[in-house]
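> build me a structure from this.
(one chain, ligands or ions: 1)
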Amino acid sequence: MKIENIKVLKTLLSESRNLIIIPHTNPDGDAIGSCLALSNLLKKSGHNVSLISPNKPPHFLNWTPGFEDILYFDSETKNCEKKIKASELIFTLDFNDLNRIGELGDIVKSSKSKKIMIDHHQNPKDYADLTFSEPEIGSTCELLFEIIISMGYEDLIDQSISKCIYLGIMTDTGSFQYSSVTSRTHQIIAQLIDKGIDQNEIHNKVYNDSSASRLKVLGSALSNMNQIEGLKTAYMFLKRNDLEKFDYQKGDSEGIVNYGLSLKDVIFSVIFIEDINDSNNVKISFRSQGDFSCNEFAGKYFNGGGHGNAAGGRNDGNAEDAINKFLKILPNYKEKLIK
Ligand SMILES: [Mn+2]
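The predicted structure is shown next:
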């Protein structure tokens with residue numbers, strides 16, 4: 001991190017009172033954690049802060065300190081526009097391309113306020129006046145902690161802010177198991193624990209909050225799992241009838257595709273989910289490990305896209321149609337899958 005950037009940030013903050021903080025669309029634990037940590041910190045230092053999210057986060061984040069003050073652009077558009085107009089500084093956290101915040105992006109782009117990006121994804125776009133972009137750091141929350149320390153604001157980090165930062169580091173590192181976790185990550189966690197946070201409570205609130213319908217949907221998908229020998233691939237499906245039988249709620253199928261990767265020798269996992277509202281549509285999620293590009297696969301054959309290791313797509317017809325198409329295409333990727 002450039003020390004010069006820290007100086008510029010301090011100057012910008014000393015010259016500005018009205019601040020906006022924005023996470024990406026469908027904000028996750030790191031986006032909400034970093035935005036609320038920063039908002040709580042800047043409020044303490046006397047700023048007038050509005051946290052504007054493009055839309056609502058999942059319910060298991062609603063305990064995060066300051067959550068009740070979040071404004072939602074999709075349901076309070078006029079009010080949010082007014083706040084942005086009156087602002088002097090806009091922070092964008094946990095994303096690096098204004099496309100990630102939908103229509104809100106146009107408003108940010110045309111705003112006269114200075115923009116500050118704090119993010120850890122690859123290939124940042126060039127929209128910010130001040131950019132903190134550190135792709136080798138595992139979470140925006142960890143990066144934000146380093147920025148706060150470099151600014152000399154360590155004493156402002158209280159228990160509430162520590163909870164927010166812990167949330168983001170925990171969720172973006174798969175609970176400290178990814179290769180992005182360093183000894184420094186653990187040193188930061190130690191400091192957060194010393195601020196009096198209860199990690200077990202945070203873990204339970206985020207991960208042990210399933211509804212019965214979610215577990216039944218998960219059970220149904222797992223019992224439909226197929227492993228394709230010789231292609232390091234697993235796939236699952238969920239049929240409309242089953243979703244109805246288990247009283248499927250939006251979000252219940254979130255993350256199920258990752259279970260495929262927990263199989264020994266599987267590097268590519270796919271789930272086909274029949275759309276409960278459209279009998280001619282199947283939603284598909286792709287996950288991979290290593291170099292195999294989900295993004296390319298989803299984009300080429302299933303009207304989708306995303307990242308190298310995580311992508312989404314769709315197909316006309318029912319799950320069987322989509323699976324048959326998938327099984328025809330897959331052997332063409334044998335070399336890439338088994339290398
Ligand atoms: Mn993140």
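
> ok, for Leu61, nearest residue in space, not its chain neighbours?
For Leu61, ignoring the flanking residues on the chain, the nearest one in space by C-beta to C-beta, 6 or more residues apart in numbering is Ile32 at 4.9 Å. Just so you know, the C-beta spots here come from the backbone N, C-alpha and C atoms, and that holds for glycine as well.

> what residues are up against the one you found?
Applying C-beta atoms under 8 Å, 6 or more residues apart in numbering, one finds that Ile32 lies in contact with Pro23, Ser53, Pro57, Leu61, Thr64, Phe67, Cys164, Leu167, Gly168.

> quick check: buried residues in the longest helix belonging to the chain?
Identified as the longest helix of the chain according to DSSP state H is helix 29-44. Neighbour-count burial for helix 29-44, counted by 16 or more other C-beta atoms under 10 Å, picks out 29-42, 44.

> hmm, who's touching the helix or strand following it?
Per DSSP states H and E, helix 29-44 leads on to strand 48-53 as the next helix or strand towards the C-terminus. Residues outside strand 48-53 that contact it (C-beta under 8 Å, 6+ apart): 17-23, 27, 32, 35-36, 39, 42-43, 66, 69-73, 80, 83-84, 87, 104.

> check what pLDDT the closest residue to the ion within the stretch 151-300 of the chain gets.
At 4.5 Å from the ion, Asp172 is the closest residue in the stretch 151-300 of the chain, using C-beta to the ion. As summarised for this prediction, Asp172 has a pLDDT of 92.

> from memory it sits against Gly29, does it?
Yes: between Asp172 and Gly29 a contact is recorded at 6.9 Å, counting by C-beta atoms under 8 Å.

> how about the strands in this protein?
Taking DSSP state E to define them, one finds strands in the chain at 18-22, 48-53, 71-72, 89-93, 114-119, 130-133, 226-228, 233-238, 268-274, 281-288, 305-306, 310-316.

> parallel or antiparallel, list what pairs with the last one.
Same thing as strand 310-316. Listed by DSSP bridges, the sheet partners of strand 310-316 and their directions read strand 281-288 (antiparallel), strand 305-306 (antiparallel).

> which strand residues bridge Ser53?
According to DSSP bridges, beta-bridge pairing links Ser53 with Tyr72.

> ignore the last one, Asn48
With DSSP bridges applied, Asn48 shows beta-bridge pairing to Asn18.

> tell me, how many neighbours does it end up with?
Applying other C-beta atoms under 10 Å, we find 15 other residues in the vicinity of Asn48.

> check Asn303 too.
Asn303 is surrounded by 13 other residues when neighbours are defined as other C-beta under 10 Å.

> quick one: it from Asp275, how far?
For Asn303, the distance to Asp275 (C-beta to C-beta, to the nearest Å) stands at 13 Å.

> show me which residues of the stretch 1-150 of the chain are close to the ion?
When proximity is defined by C-beta under 5 Å from the ion, the stretch 1-150 of the chain lies next to the ion at Asp30, Asp94, Thr140.

> which one of those sits closest to the ion?
Relative to the ion, the closest of those is Asp30; by C-beta to the ion it sits at 3.4 Å.

> ok, so what distance separates that closest one from Val206?
Noted for Asp30: a distance of 12 Å to Val206, by C-beta to C-beta.

> mutual contacts of those two, please.
Any residue near both Asp30 and Val206 by C-beta under 8 Å, 6+ apart counts here, and that gives Leu167, Thr171.

> quick revisit: hey, least reliable of the strands paired with strand 310-316 by pLDDT?
Sorting the strands paired with strand 310-316 by mean pLDDT places strand 305-306 lowest, at a mean of 81.

> residue nearest the centroid of this structure?
The central residue of the chain, meaning the one whose C-alpha is nearest the mean C-alpha position (C-alpha atoms, centre = their mean), is Asp28 at 4.0 Å.

> what's the nearest residue to that one once chain neighbours are set aside in contact with, if anything?
With C-beta to C-beta, 6+ apart as the measure, Thr171 is the residue that lies nearest to Asp28, at 6.2 Å, once sequence neighbours are left out. Taking C-beta under 8 Å, 6+ apart as the contact definition, Thr171 lies against Asp28, Gly29, Asp30, Gly33, Ser139, Val206.

> what comes up buried for stretch 119-130?
Neighbour count says stretch 119-130 has Asp119, His120, His121, Pro124, Ala128, Leu130 buried, by 16+ other C-beta under 10 Å.

> any idea how far Lys44 lies from the ion?
As judged by C-beta to the ion, to the nearest Å, Lys44 and the ion stand 23 Å apart.
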